[in-house]
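> Let's see this in three dimensions:
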Amino acid sequence: MVEGSANTVTVSSWAELLEVLYRGSWNPQIGRHRLNVAFRGTARADHGLQTSLSRLVAGRSYELEAHVLRAFRKYAYEARVDDAEWNWLALAQHHGLPTRLLDWTYSPLVALHFATHDPAHFEHDGAVWAVDFARTNALLPEALRRVLREEGTPVFTAEMLSRVARGLREFDRLGEEDFVVFFEPPSLDERIVNQQALFSLASRPDLDLREWLEGLGERSPGAYRLIRLPAALKWEVRDKLDQAGVTERVLFPGLDGLSRWLTRYYMKR
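Predicted coordinates:
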């Protein structure tokens with residue numbers, strides 16, 4: 001039985017979990033099941049949606065953000081990406097540099113993987129965040145909404161962002177209120193592709209996306225859902241994801257991912 005409120009639901013079975021994740025997928029305009037939703041899995045439901053940058057330098061995000069990214073561009077001499085700041089930001093996030101970006105995915109099953117990949121947290125409820133970016137886009141400054149209309153797409157690319165702002169400082173000045181965009185990173189490697197990745201980009205580096213979403217209230221009803229995954233259900237979900245091939249072996253191509261998958265797969269429950 002699914003329990004919860006308007007924005008938070010707690011599931012009690014694999015079948016209910018899938019139903020909730022794919023709820024509202026039918027798009028009558030194109031006659032296909034397509035969700036305009038970004039998913040993010042967390043091992044613990046009580047974790048926030050803070051960026052790695054804000055966790056690292058609490059209270060000093062603005063001060064250090066530009067310095068950190070500038071140093072990355074200076075020393076990453078072997079990187080071969082377009083010189084747009086958005087591509088450098090995506091590359092930095094992809095390789096673990098603290099940034100204001102958060103990792104999301106188009107795939108609810110990939111999000112479930114990240115909610116259940118660490119057995120150390122199996123005694124805690126996990127969660128999958130589902131954000132309807134078609135709704136959050138309605139809150140964007142007009143300059144950004146205009147680009148989306150012109151392209152006929154609900155998510156940005158680096159090229160689309162560059163049409164409105166050349167970098168983070170210009171981006172931050174686009175609106176007076178906090179806002180969040182979702183954009184697709186360039187296909188840097190197989191990991192980006194296999195994880196069906198996209199990033200959220202907030203209008204300030206210290207924005208806690210969880211607080212922002214919970215504060216939307218009546219401005220954008222239905223903009224997000226928090227799907228709680230009870231600890232008692234985690235092992236079943238993990239085993240079924242493994243059988244479906246949603247594993248580190250696929251999501252982290254290479255010997256490191258293979259080793260991580262085998263270590264977890266053969267551990268004793």
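
> Which strands or helices does the host helix or strand of Glu170 pack on?
Using DSSP states H and E, Glu170 sits within helix 168-172. Applying 3 or more C-beta pairs under 8 Å, 6 or more residues apart in numbering; DSSP states H and E, we find helix 168-172 packed against helix 61-75, helix 158-164. All C-beta spots, glycine's among them, are computed from the backbone N, C-alpha and C.

> which residues are contacting that helix?
The contact list for helix 168-172, computed with C-beta atoms under 8 Å, 6 or more residues apart in numbering, reads 65-66, 69, 85, 89, 100, 161, 164-165, 201, 203-205.

> now with 6 Å?
165, 203 (C-beta atoms under 6 Å, 6 or more residues apart in numbering).

> Likewise for stretch 67-87?
In contact with stretch 67-87 (C-beta under 6 Å, 6+ apart) are residues 88, 91-92, 97, 158, 161-162, 167, 186.

> try it again with 8 Å
53, 88-89, 91-92, 97-99, 158-159, 161-162, 166-168, 183, 185-186, 188.

> Strands of the stretch 51-200 of the chain, start to end?
Here the stretch 51-200 of the chain has its strands, by DSSP state E, counting those that start in this stretch, at 101-105, 126-132, 180-183, 197-202.

> Mind listing the strands the longest one pairs with, and their directions?
With DSSP bridges as the test, strand 126-132 is paired with strand 37-42 (antiparallel), strand 224-229 (antiparallel).

> quick one: average pLDDT of it?
In this model, strand 126-132 carries a mean pLDDT of 97.

> just the first one next, same as before
The average of the pLDDT scores along strand 101-105 is 97.

> which helices and strands sit right next to that strand?
Strand 101-105 packs on strand 37-42, helix 85-94, strand 197-202, going by 3+ C-beta pairs under 8 Å, 6+ apart.

> So which of those is nearest Val110?
strand 37-42 (7.2 Å; C-beta to C-beta).

> ok, Glu248 - how many residues close by?
Glu248 has 21 neighbours, counted by other C-beta atoms under 10 Å.

> which residues touch it?
So Glu248 contacts 117, 257-258, 260-261, 264 (C-beta under 8 Å, 6+ apart).

> Try it again at 10 Å.
113, 117, 242, 254, 256-265 (C-beta atoms under 10 Å, 6 or more residues apart in numbering).

> which one of the residues you listed is nearest Ala143?
Set against Ala143, the nearest of the contacts of Glu248 by C-beta to C-beta is His113 (35.9 Å).

> State the helix or strand in which Pro221 lies.
Counting by DSSP H and E, Pro221 is held by no secondary-structure element, helix or strand.

> what's the distance between it and Gly152?
According to C-beta to C-beta, to the nearest Å, Pro221 stands 25 Å off from Gly152.

> of the two, who's got more company?
Between Pro221 and Gly152, counted using other C-beta under 10 Å, the more crowded position is Pro221 (10 against 6).

> Can you give me the neighbour number for the nearest residue to that one once chain neighbours are set aside?
Using C-beta to C-beta, 6 or more residues apart in numbering and skipping residues adjacent in sequence, the residue nearest Pro221 is Ala6, 7.5 Å away. Per other C-beta under 10 Å, the neighbour tally for Ala6 reads 8.

> Report pLDDT for Ala6.
pLDDT for Ala6: 76.

> helix, strand or coil for it?
coil (DSSP: H, G, I helix; E, B strand; the rest coil).

> check contacts around it.
221-222, 225.

> between the residues you listed, which is nearest Trp129?
Trp129 lies nearest to Arg225 out of these, by C-beta to C-beta, at 7.6 Å.

> Pairing partners for the nearest residue to the closest one once chain neighbours are set aside in the sheet, please.
With sequence-adjacent residues excluded and distances taken as C-beta to C-beta, 6+ apart, Arg225 is closest to Ala130, at 4.5 Å. Counting by DSSP bridges, Ala130 is bridged to Phe39, Arg225.
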